[in-house]
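Novice: Provide a 3D model corresponding to the input given below.
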Amino acid sequence: MGADLYITKLENKVLKQYPYGNDFGGYEEREELREEYGSYFRDSYNATNVMWLLDFSYWKSPEVFGWDFHKNGNMSTRGAKQFLEYLNENKESFQSRLESLGDYLVERHAHVGEGEDSVEGWAKYFEEKYERLGKFLQTAIDIHSSIIWSV
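Specialist: Numbers count the residues shown, from 1 in each chain. Next up, the predicted model:
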């Protein structure tokens, strides 16, 4: 389970080439195109959830903050701008949470070990994911696309 976010205009291109329900599959091809386009962002509901570091809930926070959504439940381009502003405004808080990351990981029952599983490895993972989310939102803004908000 997790939050699956798709940039609508780009997801439509992906599904035009590799629609769901055909006999040929297309899963791997869809995933490759999504990666190429930067059109998909997933934040699982487990210790790897980058937004939980800011006590953010994909279910509640957008409503609490009054971010803009279309009636169909998709986040508007304006909402994407609001979300990106939130990320930028909270960068310092995010960095601060990374300083006490060990406690967070223990609370979330994450495996902490050596290398990538070390606290430093986790911090790098979260920094990269935070940046990837920012780029994802910026792409939606740049192409004036809504975001499919599947949470």
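Novice: and the lowest-mean-pLDDT helix or strand in the chain, which residues are buried?
Specialist: Scoring the helices and strands of the chain by mean pLDDT, DSSP states H and E places helix 61-65 at the bottom, with a mean of 78. Neighbour-count burial for helix 61-65 flags P62 (criterion: 16 or more other CB atoms under 10 Å). Yep, even glycine has a C-beta here, placed from its N, CA and C like the rest.
Novice: could you do stretch 78-89 as well?
Specialist: Neighbour-count burial for stretch 78-89, counted by 16+ other CB under 10 Å, picks out 79-84, 86-87.
Novice: repeat for stretch 45-64
Specialist: The neighbour-count check on stretch 45-64 (16+ other CB under 10 Å) flags 47-54, 56-58, 62 as buried.
Novice: one more: stretch 90-100?
Specialist: In terms of neighbour count (16+ other CB under 10 Å), stretch 90-100 has its buried residues at 90, 94, 97-98.
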